[in-house]
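Trainee: Starting from these lines, generate the structure:
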Amino acid sequence: MGWPWAAFSKPRGNYESFRLLQAEAPQLDTVPAEDIIKALRFLRDGNYHKIPDPHDRIVQFINFLILKRNHPLDTFVYECLMDVMADPAGSASGVRKLLNDMVEQGIAPTADICYSALSALTVHPDYTLRETVISLMSTYWHDMTVSARQDIAIGMLRDGQHELALAKFTEMHEGQEKIELWVYDIFIIEFGRMGFLDEMLQLLRQRKHAKGTDDAFRTLLIHALDVFSGAYHEEGTSFVWEYVVTHRVLNPSNVAVENVLATAAHHANTNLASEALDILSTRGKVSIHQYEALVDAFAAAEDVVGAFGVLAIMERSGSSIQRGSTRSVYQAMKKNPWLITEASDALGKMGEDGGEVPLQAISVTIEAVAKVRGTQAAMALYHETFALSGKQPDYDMLRQLVLNCNDTETMWSLAKDYGVMVSKDKQFDQDEAALYDRMIPACTQMGDFDRAFEFAEKIMTQDGEKMWRLQSWVIPLIEQAVASKDQRVWPIIDEMTKEENNDRQ
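Mentor: As a prediction, this is how the structure comes out:
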């Protein structure tokens with residue numbers, strides 16, 4: 001360990017001071033008082049961090065000087081003791097006791113004592129005591145240095161007086177005072193911890209332009225990116241991200257980049273979302289939910305063309321696109337019906353360009369058209385599905401068309417497609433029951449009893465709870481089948497009669 005020997009003027013003093021500071025349990029009985037004082041002066045000269053236990057060592061030295069060497073209680077003694085109050089082992093009550101003792105001893109507080117007291121109160125905050133020290137400095141005309149102002153601001157911050165602390169910090173910044181970088185860092189981290197993200201961003205911008213910006217700032221940016229993106233704070237996320245992309249000096253984690261992507265999607269920032277996805281793509285295969293976040297960003301920006309472009313990329317990458325991937329696009333078109341026309345035009349343009357159109361892009365457009373304008377308006381696009389995508393309509397597409405259809409002939413046409421396209425082995429559920437409740441009456445009205453009874457048989461066979469008896473298709477089918485003398489109706493009538501007799505019992 002290197003020690004600045006020039007701090008000691010006498011050879012013997014050099015040796016004794018070195019021994020005092022290095023020894024784990026120094027024996028002071030044979031050490032001259034002047035060597036102990038020199039060791040204390042050396043420590044006070046910004047060297048406290050060079051020994052592991054400054055608080056205990058200084059208290060030991062001072063006690064020995066006063067009790068064994070009859071050293072007077074002068075300002076030097078109080079300066080040393082006030083210094084160690086900034087140690088974790090110190091306390092605000094210790095600061096208060098020292099100030100009260102000085103009053104009793106008739107000793108005026110020096111500037112160093114006041115500065116040390118303010119420094120101690122950044123570690124052991126006490127609002128009232130800090131105001132007392134500030135008042136003493138004014139009374140004795142001590143200069144309010146930049147360091148003292150910093151300690152006051154940090155003390156306010158530690159006290160939870162964030163607004164006052166920021167006001168003090170801003171006053172210093174606007175006064176062109178050179179604020180130390182570590183002070184910026186403390187404020188930035190604390191305001192981020194408290195969720196004051198606009199203020200955190202303000203401080204971060206100031207920190208970026210502060211003279212002496214260093215490696216610590218880059219570490220701070222990584223922390224800020226986590227905080228901003230985790231809270232969906234777009235302006236803060238974009239500020240840090242611009243530094244990341246432009247300077248290429250940071251390497252945020254995948255989690256952080258995914259949070260950036262989610263923030264961009266939340267705020268319809270398609271450029272930011274695209275850049276985040278580009279970085280993720282260089283680190284491995286992009287996942288479905290990462291692509292979906294980019295789709296969400298374009299949807300929020302009311303850019304269905306961009307959203308469909310992402311769906312096309314997903315399909316080319318081999319991703320399995322599900323209906324859930326397009327919910328944001330559907331909501332955008334339902335909220336802004338003019339987007340439906342834009343979506344339809346985009347699908348046609350994608351087809352004209354020679355590429356296969358993602359089935360889910362067609363499906364979500366058909367769903368929006370059916371919901372907003374009715375199923376009949378969606379049938380033209382429905383019939384172009386295979387030509388555009390090379391794939392047959394799927395269950396979800398048919399389901400939405402059926403649920404939004406009010407025309408009997410169209411419903412019958414969809415029922416015929418349903419019978420062909422949907423596997424007979426598809427497990428029956430209540431969602432499907434709602435479709436049969438609409439398709440069976442349409443088939444019945446159009447005289448297609450074969451299809452009506454096919455659907456009815458599936459329901460009766462797979463509906464273990466017999467809830468089919470309560471559905472609206474039952475009575476019309478029975479009435480029209482009886483009128484047409486179709487013998488296939490009797491199993492339904494028998495089952496209805498059987499259940500009614502059971503209910504009576």
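
Trainee: so where's the stretch 401-505 of the chain shaky on pLDDT?
Mentor: Applying pLDDT under 70 to the stretch 401-505 of the chain flags residues 463-466, 499-505.

Trainee: which residues in it form helices?
Mentor: Along the stretch 401-505 of the chain, the stretches classed as helices by DSSP state H, counting those that start in this stretch are 408-421, 430-445, 449-462, 474-483, 490-504.

Trainee: Mind putting the ones you listed into a markdown table with mean neighbour count and distance to Ala262?
Mentor: Just so you know, the C-beta spots here come from the backbone N, C-alpha and C atoms, and that holds for glycine as well. Compiled in a markdown table, those are given as follows (neighbours: other CB atoms under 10 Å; distance: least, CB to CB, whole Å):
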| stretch | mean neighbour count | distance to Ala262 |
| --- | --- | --- |
| helix 408-421 | 18 | 36 |
| helix 430-445 | 19 | 30 |
| helix 449-462 | 18 | 41 |
| helix 474-483 | 16 | 48 |
| helix 490-504 | 12 | 52 |
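
Trainee: out of those, nearest to Lys285?
Mentor: Between Lys285 and those, the tightest spacing by CB to CB is seen for helix 408-421, at 31.5 Å.

Trainee: Indicate which one of the helices of the stretch 401-505 of the chain is closest to Val123.
Mentor: helix 430-445 (63.5 Å).

Trainee: which residue packs closest to Asn132, ignoring adjacent ones?
Mentor: In this structure residue 132 is Thr, not Asn. In space, not counting the residues next to it along the chain, Thr132 is nearest to Leu99; the distance is 7.2 Å by CB to CB, 6 or more residues apart in numbering.

Trainee: May I have stretch 139-157 as CSV, with CA atoms only?
Mentor: Output of stretch 139-157 as CSV, limited to C-alpha atoms (Å, rounded to 0.1, in the frame of the first residue of the first chain):
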residue,chain,number,x,y,z
THR,A,139,-24.3,33.4,11.2
TYR,A,140,-20.5,32.9,11.0
TRP,A,141,-20.3,33.9,7.3
HIS,A,142,-18.9,30.6,6.1
ASP,A,143,-18.8,30.2,2.4
MET,A,144,-21.5,27.9,0.9
THR,A,145,-19.3,25.9,-1.3
VAL,A,146,-20.5,23.7,-4.2
SER,A,147,-19.7,20.6,-2.1
ALA,A,148,-21.8,22.0,0.7
ARG,A,149,-24.7,22.7,-1.6
GLN,A,150,-24.4,19.1,-3.0
ASP,A,151,-24.6,17.7,0.5
ILE,A,152,-27.7,19.8,1.3
ALA,A,153,-29.4,18.5,-1.8
ILE,A,154,-28.5,14.9,-1.1
GLY,A,155,-29.6,15.3,2.5
MET,A,156,-33.0,16.5,1.3
LEU,A,157,-33.1,13.5,-1.1
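
Trainee: Contacts for it, please.
Mentor: 108-111, 114-115, 118-119, 121-122, 125, 127, 130, 134, 136-137, 162, 164-165, 168-169, 172, 177-180, 183, 186-187, 190 (CB atoms under 8 Å, 6 or more residues apart in numbering).

Trainee: Tell me which residues touch Ile62, please.
Mentor: Going by CB under 8 Å, 6+ apart, Ile62 touches 40, 77, 80-81.

Trainee: that older thread, is there a neighbour count for the residue nearest to Thr132? I'd like the number.
Mentor: Leu99 has 19 neighbours, counted by other CB atoms under 10 Å.

Trainee: In three-state terms, label Glu177 for me.
Mentor: Glu177 carries the three-state label coil when classified by DSSP: H, G, I helix; E, B strand; the rest coil.
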